[in-house]
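S.K.: Fold the stuff below for me.
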Amino acid sequence: MSTDAPVYTLYGVSHSLYTGKARCYLRNQGIAYVERPTSHPDFASRILPHIGRGIIPVLETPDGEIIQDTIDIIDHFEKQGVPYPAYPQGPLQRVIAIIIEYYGGQAMLKQAMHYRWSYREQQEAFLHHAFASGSGADFADKVMGRMQSYLPRLGVTEQSISPIERSYETLLDLLEEHFRHLPYLLGGRPCIADYGLIASMFAHLGRDPVPAQIMKTRAPRVYRWVERMTAPGLDVVEYQNVNAELYADDEIPPSLEPVLKHIAADIFPELSDKLGFMDDWVEREQPADGQPVTEKPQQRQLGMVQTRYHDAPIEVGVEPYLMFVLQRAVDVFDGLEASQADQLKTSLRQYGLEGAVPLGRRYGVGRQNNIEVWRRG
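M.R.: Residues are numbered from 1 along each chain as shown. Prediction:
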């Protein structure tokens, strides 16, 4: 890399789920950056006033542009051109990758937050060090307590803990088999699916002591993938005969198919119930185009909905942000001929994932000035 390359600034912390996603992308693409914690004075003096809420990661470009949200950060570089484009060109692979991104960054918050905070006592020294490093020792306990308090709104309860842990172990087993064959989810280079899944699988499940030990002992190839995703470039020494390309002809690797079926079992019926809640809310409230999705920027949820996680009844918060994540899958369908769209639906249906794309709605969620807003029409 040229020493004259522009240097970006990533504001985040080592233990942040979404910072890890952005950091992996920057490292894989060989983008020069420096990382600063939220305790850095520039974050409070310049970044927070600009983005309007306390949230990470935030990227500052060499020319002073400030970008919040991992999707927007990744898309910023994708438009410029990168060594390993994150978005598959084929419609099936692209939609599948976006669904996996949703799974890793949204649905897997249950596993990520459960293993971090339900086992807090066993990990106290490690977690306190991480939070003190990011926000300062004076605020570490306060921030940790607030994060732990989110568990019930994510559906982490005494009833759901057992299926959450079973789900994580099953996912590890299925991914372990997949990584026998390929270094990344859709082939020989990372894509948006890998960046989405690494969100939970690095900062929480691959770094915190309790879940990381489970990963290392139960699924060493998965742990190696976590290492690979956090290394610069393509760290694929074990895969001598794999080219840096996605699976050919818009096909899904056979070893990934069981993973996709597991994802479907994990996200439904919760995703359907959240979408139904939003449908009712939009119909009732009739928000205007461009209106923020919540009354306050720091507020992420519209309300609570009753649903189930495997065999456990749960009540979870509904975040319009999930529509922002999945909107790109809707956009894929919108760009297809009717026959192509029907074929894509059929392909998704064989994995149980057709309902993961919120089609047929006259609203969506976009972003304006770093805040989620409703899109109508």
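
S.K.: what about the helix or strand of the chain with the lowest mean pLDDT, distance to the chain center?
M.R.: When each helix and strand of the chain is scored by mean pLDDT, DSSP states H and E, helix 137-148 comes last, with a mean of 86. Taking the mean of its C-alpha atoms, helix 137-148 sits 23 Å from the chain's own mean (C-alpha atoms, centre = their mean, to the nearest Å).

S.K.: Now the element after that helix, going C-ward?
M.R.: helix 151-154 (DSSP states H and E).

S.K.: can you list contacts of that following helix?
M.R.: Contact with helix 151-154 is made by 109-110, 113-114, 117-118, 157, 301, 304, 315-317, as judged by C-beta atoms under 8 Å, 6 or more residues apart in numbering. For the C-beta atoms, the positions are set from N, CA and C on the backbone; glycine is no exception.

S.K.: Going by neighbour count, which of these are buried?
M.R.: Buried subset of the contacts of helix 151-154 (neighbour count, 16 or more other C-beta atoms under 10 Å): 109-110, 113-114, 117-118, 157, 316-317.

S.K.: returning to what we had before: would you mind listing the buried residues in the least confident helix or strand of the chain?
M.R.: Buried, per 16+ other C-beta under 10 Å, within helix 137-148: 140, 144, 147.

S.K.: which residues sit in contact with the closest residue in space to residue 94 that isn't next to it in sequence?
M.R.: What sits nearest to residue 94 in space, not counting adjacent residues and going by C-beta to C-beta, 6 or more residues apart in numbering, is residue 88, at 4.6 Å. By C-beta under 8 Å, 6+ apart, residue 88 lies in contact with 94, 97, 186, 191-192, 246, 250.

S.K.: In terms of helices and strands, where is residue 18?
M.R.: Going by DSSP H and E, residue 18 is part of helix 17-29.

S.K.: try residue 34
M.R.: Here residue 34, judged by DSSP H and E, is contained in strand 33-36.

S.K.: other SSEs contacting that strand?
M.R.: Counting contacts by 3 or more C-beta pairs under 8 Å, 6 or more residues apart in numbering; DSSP states H and E, strand 33-36 is packed against strand 8-11, helix 17-29.

S.K.: Put together a markdown table for the ones you listed, with mean pLDDT and mean neighbour count on each row.
M.R.: What follows is the helices and strands packed on strand 33-36, written out as a markdown table (pLDDT from 0 to 100; neighbours: other C-beta atoms under 10 Å):
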| stretch | mean pLDDT | mean neighbour count |
| --- | --- | --- |
| strand 8-11 | 98 | 21 |
| helix 17-29 | 97 | 23 |
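
S.K.: how about JSON lines for these, with distance to residue 311 added?
M.R.: Formatted as JSON lines, these follow (distance: least, C-beta to C-beta, whole Å):
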{"stretch": "strand 8-11", "distance to residue 311": "40"}
{"stretch": "helix 17-29", "distance to residue 311": "26"}
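
S.K.: Quick one, which of those gets closest to residue 359.
M.R.: helix 17-29 (25.8 Å; C-beta to C-beta).

S.K.: circling back: quick check: the gap between the residue nearest to residue 94 and residue 252.
M.R.: Counting by C-beta to C-beta, to the nearest Å, the gap between residue 88 and residue 252 amounts to 10 Å.

S.K.: what does residue 228 give?
M.R.: In terms of C-beta to C-beta, residue 228 sits 20 Å off from residue 252.

S.K.: Show me which of the two is the more surrounded one.
M.R.: Taking other C-beta atoms under 10 Å, residue 228 and residue 252 do not tie; residue 228 has more neighbours (24 against 19).

S.K.: how about that one, secondary structure?
M.R.: Under DSSP: H, G, I helix; E, B strand; the rest coil, the three-state class of residue 228 is helix.
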